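In: take a look and give me a structure for this.
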Amino acid sequence: MNEVAGKAPWSEGVIGMMFWYGAHWAFWQVFLMWAGMLVFWGLLIWAVYALVTNSTRRPPRDEDGDEARRILDQRLARGEIDAEEYRRLRDLIASGDRQAPAGTGSPR
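Out: As a prediction, the model looks like this:
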């Protein structure tokens, strides 16, 4: 073997190929590395944010009409109102009008 001072003859070639023969990174390579890192961290932060907001989001509240309809059904079942008053109030709730029912007085 032709070893000079304890080095194998192929060692310089291997080291040169490992480090691209001493060339430095080109600007576009550095830019791609930074861009890839920013995209990675951006996607990671977005995913954590999406998971947290979806897990802490409360279900939508019932519409006021649904709650009003439930109360109206209970009043009819208890006998507080008759069927005619029930239909009138149900139609008022369904129309979306925010008028006060007859006999309740005006808030003015």
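
In: for residue 82, give me phi and psi.
Out: phi -90, psi 180 (degrees, to the nearest 10).

In: what about it, how many residues close to it?
Out: 10 (other Cβ atoms under 10 Å). In short, each C-beta sits where N, CA and C put it, glycine included.

In: so how far is residue 74 from it?
Out: The spacing between residue 82 and residue 74, counted by Cβ to Cβ, to the nearest Å, is 15 Å.

In: likewise for residue 58?
Out: The gap separating residue 58 from residue 74 is 25 Å, by Cβ to Cβ.

In: and the two? Which one has more around it.
Out: Set residue 58 next to residue 74 and count neighbours by other Cβ under 10 Å: residue 74 wins out with 10 against 5.

In: now the more buried one: phi and psi?
Out: phi -70, psi -40.

In: and stretch 28-48, C-alpha only, in PDB?
Out: C-alpha atoms of stretch 28-48 as PDB (Å, rounded to 0.1, in the frame of the first residue of the first chain):
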ATOM      1  CA  TRP A  28     -30.300  30.200  -3.700                       C
ATOM      2  CA  GLN A  29     -29.500  27.100  -1.500                       C
ATOM      3  CA  VAL A  30     -29.400  29.200   1.600                       C
ATOM      4  CA  PHE A  31     -32.700  30.900   0.600                       C
ATOM      5  CA  LEU A  32     -34.400  27.600   0.000                       C
ATOM      6  CA  MET A  33     -33.200  26.300   3.400                       C
ATOM      7  CA  TRP A  34     -34.600  29.400   5.200                       C
ATOM      8  CA  ALA A  35     -37.800  29.400   3.100                       C
ATOM      9  CA  GLY A  36     -38.400  25.700   3.900                       C
ATOM     10  CA  MET A  37     -37.800  26.300   7.600                       C
ATOM     11  CA  LEU A  38     -40.300  29.200   7.700                       C
ATOM     12  CA  VAL A  39     -42.900  27.200   5.800                       C
ATOM     13  CA  PHE A  40     -42.400  24.300   8.200                       C
ATOM     14  CA  TRP A  41     -42.800  26.400  11.300                       C
ATOM     15  CA  GLY A  42     -45.700  28.400   9.900                       C
ATOM     16  CA  LEU A  43     -47.600  25.200   9.100                       C
ATOM     17  CA  LEU A  44     -46.800  23.800  12.500                       C
ATOM     18  CA  ILE A  45     -48.000  26.900  14.300                       C
ATOM     19  CA  TRP A  46     -51.100  27.000  12.100                       C
ATOM     20  CA  ALA A  47     -51.900  23.300  12.900                       C
ATOM     21  CA  VAL A  48     -51.500  23.900  16.700                       C
END
